[in-house]
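In: return a 3D structure for these sequence lines:
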Amino acid sequence: APKDGEQVLAVQVSRGKSLATVGCLSLDTAYQRVAIGMTNGLVAIRCTVTGQEVRELHAPTRATVAFSPSGRHLVSICGIDGLSVYVYDEHLELACTVLAHGAKARQVQWRPGSDLEFTVASAGSSLSVWKIEDTGLVRSHLVEKLGKTTSVAWHPTRPIIAAACSKSKSVEIVPATAGTRGAKQQSIPLSEEPWRVDYRPQGGLLLVGTSMFVAVYDASLTKVLELCQGCVSPSTKTLGMVQFTPDGDYIALFSPFAKVQKLQHFHVEQSMNSPTQLVSRRGEQVTVHTGVVAMEQSVTDLAAMAFSSDLKHMCLARGAGQVGLYSTLTSKVEYWICCGQAHLHPPACPHF
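Out: Just a heads-up that it's a prediction; the model follows:
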């Protein structure tokens, strides 16, 4: 059996003699295939056991890909003179395609538990839901003139979508049910551009990542956790490298600003109860949590990440087309609980 954090497979994805950069990763539910979307339009489907090529798909430009929850469909979207949307069946045969108004796609999110509906974060001005029907793809606009969205997330139990809006520096909570177009939406104002949003699989918590901090909000949109670590470099402006793990127990965070770059797994509940401290951010003093790191993996130049549904493996992409599959870390960092807070060192409380 592989050791904790051990790399179990490495693949190099290229087209001809030129290497390309990985833009996104997606693992199917059965953990048999990984879809690798490249910046040059190549979509490489590889076997997670042998690394061998299963299928090679092509798009006109950078492809954003995602397997549906059960692996029944794979959607690939790219933006060049509009959004080119390709939907493939479980055998990776083209099922339907459409060219629609829009711009550069950044992220595809399937509706939890559905193989027929998905939404897209893009540089276009509207937020839409796409539905696969017998006649093809049907697009429903939810919000017009929302501005560029850098990330989107479906709530696991409620018919709402969280959208990270860069122009307004906010996260907009939008109804995702047909017939609610124009309904009142909620908003979380931010001091920085948001680059990632993600709902906890159990619901209740919303994760927001920027280049300066990562925060978690509860169902009432009250901030319950803030970590002083950015998840994306302002120069690259890619999808933020932070998300909840599939079990919802951890926040997987890669900060490009750390002196020693690592993919860290923060324990959600313990981090929410961890000590706070004052830090300086753009000349202002803000209160942040120290957080509790339960596991970590040394990695540099992380470009994309994905986790198997059972959390036994993770897929990390770095450099020019370098993709590695790792056994998930299980080694825990020891901590102490006292007075309702988590401590990385024995607390000095007299009654401890």
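In: quick check: closest non-adjacent residue to the residue minimising distance to the centre of the chain.
Out: Centrality entry for the chain: nearest residue to the mean C-alpha point is residue 243, 5.1 Å, by CA atoms, centre = their mean. Of all residues not flanking residue 243 in the chain, residue 198 sits nearest, at 4.7 Å (CB to CB, 6 or more residues apart in numbering). No exception for glycine: its C-beta is placed from N, CA and C like everyone else's.
In: quick check: the one you found is in a helix.
Out: No: under DSSP: H, G, I helix; E, B strand; the rest coil, residue 198 sits outside any helix and is assigned strand.
In: wait, it sits on residue 245?
Out: No: the criterion here is CB atoms under 8 Å, and residue 198 misses it with residue 245 at 10.2 Å.
In: so the two - more neighbours on which side?
Out: residue 198 (24 against 19; other CB atoms under 10 Å).
In: returning to what we had before: who's in contact with the residue nearest to the centre of the chain?
Out: Contacts for residue 243 (CB atoms under 8 Å, 6 or more residues apart in numbering) come out as 196, 198, 207, 251-252, 305.
In: start to end distance for stretch 124-135?
Out: 25 Å (CA to CA, to the nearest Å).
In: just stretch 293-310 next, same as before
Out: End-to-end distance for stretch 293-310: 20 Å, by CA to CA.
In: which pair in the contacts of residue 243 spans the largest distance?
Out: Across those, no pair lies farther apart than 207 and 305, at 14.1 Å, counting by CB to CB.
In: neighbour-wise, give me the winner out of the contacts of residue 243.
Out: Counting by other CB under 10 Å, top hit in those: residue 251 with 28 neighbours.
In: nearest spatial neighbour of it, chain-adjacent residues omitted?
Out: The nearest residue in space to residue 251 (CB to CB, 6+ apart) is residue 266, at 4.5 Å.
In: in the sheet, who's paired with the one you found?
Out: Counting by DSSP bridges, residue 266 forms beta bridges with residue 251, residue 293.
In: same deal with the one 10 residues further on?
Out: In this entry, residue 276 is beta-bridged to residue 289, by DSSP bridges.
In: for it, give me its contacts.
Out: Neighbouring residues of residue 276 by CB under 8 Å, 6+ apart: 287-290.
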